[in-house]
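# Sequence below, structure please.
(one chain, ligands or ions: 1)
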Amino acid sequence: MAKKTILNIMEAKNKKKLSMITAYDVTSAKIAERAEIDMILVGDSLGMTMQGNNDTNSVTLDEMIYHIKIVAKNAPNTFIVADMPFMSYEISVEQALENAGRIFRETGARSVKMEGGKNILPQIKALTNAGIPVMGHLGLTPQRAAMLGGFKAQARTAKGAKELLEEAFLLQEAGCFALVLEAVPYKVAEVITKRLSIPTISCGAGKYCDGQVLVFHDMLGLSDFTPRFVKVYANLAEQATQAIKTYIQEIEQVTFPEEKHSFTIADEEWEKFINTIDKE
Ligand code: KIV
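Numbering: from 1, shown residues only. Here you go, the predicted structure:
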């Protein structure tokens, strides 16, 4: 599989639907690459999936860098998008440059994702000018869940939809190469997708976007809670629990390990060994 680049992603618009999934570790990175996904997002959703928190706000830049490095190393041919965590870019352009620069230098990821609209335009312009591709993220922006009153669908009023469309254009003009639309009515996402020249990636924004993204744990049935917009393609938690239960049973019944799982010792070595210890 040839290494995917930003050009493959941008040129897919109106030609091919883009696929994206989150990954956070060796296992998820290798599985996603083996499946030939277009893009991997090392999302700050790792605060929930890997750290067991209720939101993404406590994830630090160092923690992100730790996970991004592992994913980039284990999915070398997939286009990797790395989330900038909460408060790693909001303070100033300098802060955004320094922290996105660390992600670029230290991890191998070749793009970052930032949540927000008008409020972060200077940061997006500065990063793209410095050669760091930025994926935007509008609609439900989980890092701002406290301001939004929780994890709620956005742009469900005419005013909200118009503001979203305007912000999408601003992000495109600022230099974003693609845009995640999260928890947005599908009709609004369709209008935005048709009017923008950059690809839109839906996370609960319907089928008219240029691509889709889901969280690895949600779509594979590994999460305790899955948002309404997620399709669960496998029940891996259930299967893993069953497998471990069988393992426990087989240990207790001594049906595991079998001969094929055990090592042998040559008869003459065995005799020598037994004779030695019997004489002692
Ligand atoms: O952090 C994440 O996984 C995300 C996606 C849900 C879009 O931002």
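# how about the residues of the stretch 101-250 of the chain near the ligand?
Residues of the stretch 101-250 of the chain lying close to the ligand by C-beta under 6 Å from any ligand atom are Val180, Glu182, Cys203, Val213, Val215. C-beta: built from backbone N, CA, C; applies to glycine.
# Restricted to helices, list those.
Judged by DSSP state H, these include no members of helices.
# Just the ones of those in strands?
Val180, Glu182, Cys203, Val213 (DSSP state E).
# Can you name the residues bridging to the closest residue to the last one other than its chain neighbours?
In other words, Val213. Distance criterion C-beta to C-beta, 6 or more residues apart in numbering; nearest residue to Val213, sequence neighbours excluded, is Met20 at 4.0 Å. Under DSSP bridges, the beta-bridge partners of Met20 are Met39, Val213.
# Looking at the stretch 101-250 of the chain, which residue is nearest the ligand?
Cys203 (4.3 Å; C-beta to the nearest ligand atom).
# what about the residue nearest to Val213, how many neighbours?
As a burial measure, Met20 scores 25 neighbours (other C-beta atoms under 10 Å).
# Next: the one 3 residues further on.
Burial of Ala23 is recorded as 29 neighbouring residues (other C-beta under 10 Å).
# I'd guessed it sits against Ala35; true?
No. In this structure Ala23 lies outside contact range of Ala35 using C-beta atoms under 8 Å: 10.7 Å.
# what sits against Thr246?
If you count contacts by C-beta atoms under 8 Å, 6 or more residues apart in numbering, Thr246 has none.
# And it, how close does it get to Thr276?
Thr246 sits 40 Å away from Thr276, going by C-beta to C-beta, to the nearest Å.
# if we can go back for a sec, rebuild the residues of the stretch 101-250 of the chain next to the ligand as TSV, extending it with neighbour count and pLDDT.
Converted to TSV, these look like this (neighbours: other C-beta atoms under 10 Å; pLDDT from 0 to 100):
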residue	neighbour count	pLDDT
Val180	28	98
Glu182	23	98
Cys203	26	98
Val213	27	98
Val215	23	98
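# my guess is the residue of the stretch 101-250 of the chain closest to the ligand meets Leu179, correct?
No. Using C-beta under 8 Å as the test, Cys203 is too far from Leu179 to be in contact (10.9 Å).
# any weak-confidence spans in the stretch 1-150 of the chain?
Nowhere does the stretch 1-150 of the chain drop to pLDDT under 70.
# Which single residue of it approaches the ligand most closely?
Nearest residue of the stretch 1-150 of the chain to the ligand (C-beta to the nearest ligand atom) works out as Gly43 at 2.4 Å.
# With adjacent residues omitted, what lies nearest to that residue?
Using C-beta to C-beta, 6+ apart and skipping residues adjacent in sequence, the residue nearest Gly43 is Thr22, 4.4 Å away.
# Please report phi then psi for the one you found.
phi -80, psi 150 (degrees, to the nearest 10).
# which two in the ones in strands among the residues of the stretch 101-250 of the chain next to the ligand are spaced the farthest apart?
Glu182 and Val213 (8.7 Å; C-beta to C-beta).
# so what's in contact with these two at the same time?
Cys203.
# on that earlier part again, contact partners for the residue nearest to Gly43?
Here Thr22 is in contact with 28, 40-43, 45-46, 49, 213-217 (C-beta under 8 Å, 6+ apart).
# And those residues, which is closest to Lys16?
Distance to Lys16, by C-beta to C-beta, is smallest for Val213 among the contacts of Thr22, at 15.4 Å.
# measure the closest one to Leu97 for me?
26 Å.
# what about the nearest residue to Tyr89 once chain neighbours are set aside, how many neighbours?
Spatially, and ignoring its direct neighbours in sequence, Tyr89 is nearest to Ala96 (3.8 Å; C-beta to C-beta, 6+ apart). When counting by other C-beta under 10 Å, one arrives at 25 neighbours for Ala96.
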